[in-house]
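Enquirer: next come a sequence and a model predicted from it.
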Amino acid sequence: MGYVKGIFKARPNRFIAVVEVDGKLEIAHVPNTGRCKELLVEDAVVWLKPSDNPKRKTKFSLHFVENKGVLVSLFSQQANAIVYDAIVDGKIKELQGYDYHQREKTVDDSRIDIYLANREDDCCGMSFLEDSCYVEVKGVTLIVDGEARFPDAPTERGAKHLKELIKLKKDGNRCVVFFLIQHPAGNFFRPNWENDPVFSQTLNEAYDEGVEILVYRCDNRLEGIDLVPEPLDFDLAQSFANGIVDD
């Protein structure tokens, strides 16, 4: 089932949007809990995925919004699948060389998005996993002067995941925070100190402890979304409207 074009009108809460489709107002599910206020502006063109489930309360899901002349993906959960598929297909050079791939690995009371490892056999023919690598994926849609910034709203959950990665790294595992820029206009990454200094500071602490940071970008089309297989640069320093501010 293809996409339906609509016009964004309002977002009464973070889960739903009011959109105009063929001159009629409809309610659409928003699969992104971020604010997205710079994207979901009145009369913005959006692309909706119809639902064939008669029991669903909303007839559509809002997957894309047009911004700065490009399609921006708002389906945040899709970021995990895009990164996972790219790893399996060998498109992310920093994460090549693993023969075991798993989605959503439970660690203590958290779930890390992707777990990678290598299978090894012992002398008795029993298989076990080694070279563990944990990857936490963050979808990024906020763009400020070409810079992709995360998060666009405070996220206690995001900071919790970073602390879990720090713990796993100290236990001897490889750990990665993967920022997937879902807005094609983003060509550089920086944490959003203004909106969430706690997450931004925790990201710095994680990096200092050896947690790796990878930044890649999406190529969005209505026919499909692909990861552009070239990493982008990042800077963890504070950045405000009046320039860079270092601690």
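Expert: Received it, and whenever you're ready, just let me know what you need.
Enquirer: what's the mean pLDDT across the top strand by length along the chain?
Expert: In the chain, with assignment by DSSP state E, the single longest strand is strand 127-140. Mean per-residue pLDDT for strand 127-140: 87.
Enquirer: and the helix or strand following that strand, what other elements does it pack with?
Expert: Where DSSP states H and E defines the elements, the next helix or strand beyond strand 127-140 is strand 142-144. When contacts are defined as 3 or more C-beta pairs under 8 Å, 6 or more residues apart in numbering; DSSP states H and E, strand 142-144 packs onto strand 147-150. C-betas here are computed from N, CA, C, even on glycine.
Enquirer: got the angle for the following helix or strand past the strand it packs on vs strand 127-140?
Expert: As assigned by DSSP H and E, the chain's next helix or strand after strand 147-150 is helix 156-170. Orientation check (axes from the mean of the first three to the mean of the last three C-alpha atoms, to 10 degrees): helix 156-170 against strand 127-140 gives 140 degrees.
Enquirer: list the contacts of helix 156-170.
Expert: 107-108, 110, 112, 134, 136, 138, 150-151, 175-177, 196, 198-199, 202-203, 205-206, 209-211 (C-beta atoms under 8 Å, 6 or more residues apart in numbering).
Enquirer: how does it look with 10 Å?
Expert: Applying C-beta atoms under 10 Å, 6 or more residues apart in numbering, the contact partners of helix 156-170 are 33, 105, 107-113, 132-138, 150-151, 155, 173-177, 196, 198-212.
Enquirer: mind giving me the ChimeraX command for buried ones among the residues you listed?
Expert: Of the contacts of helix 156-170, the buried ones can be selected in ChimeraX as follows, counting by 16 or more other C-beta atoms under 10 Å:
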select :105,107,110,112,113,132,133,134,135,136,137,138,150,151,155,173,174,175,176,177,196,199,200,201,202,203,204,206,207,211,212
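Enquirer: among the contacts of helix 156-170, which are in helices?
Expert: Taking DSSP state H as the definition of helices, the contacts of helix 156-170 contribute Val198, Phe199, Ser200, Gln201, Thr202, Leu203, Asn204, Glu205, Ala206, Tyr207, Asp208.
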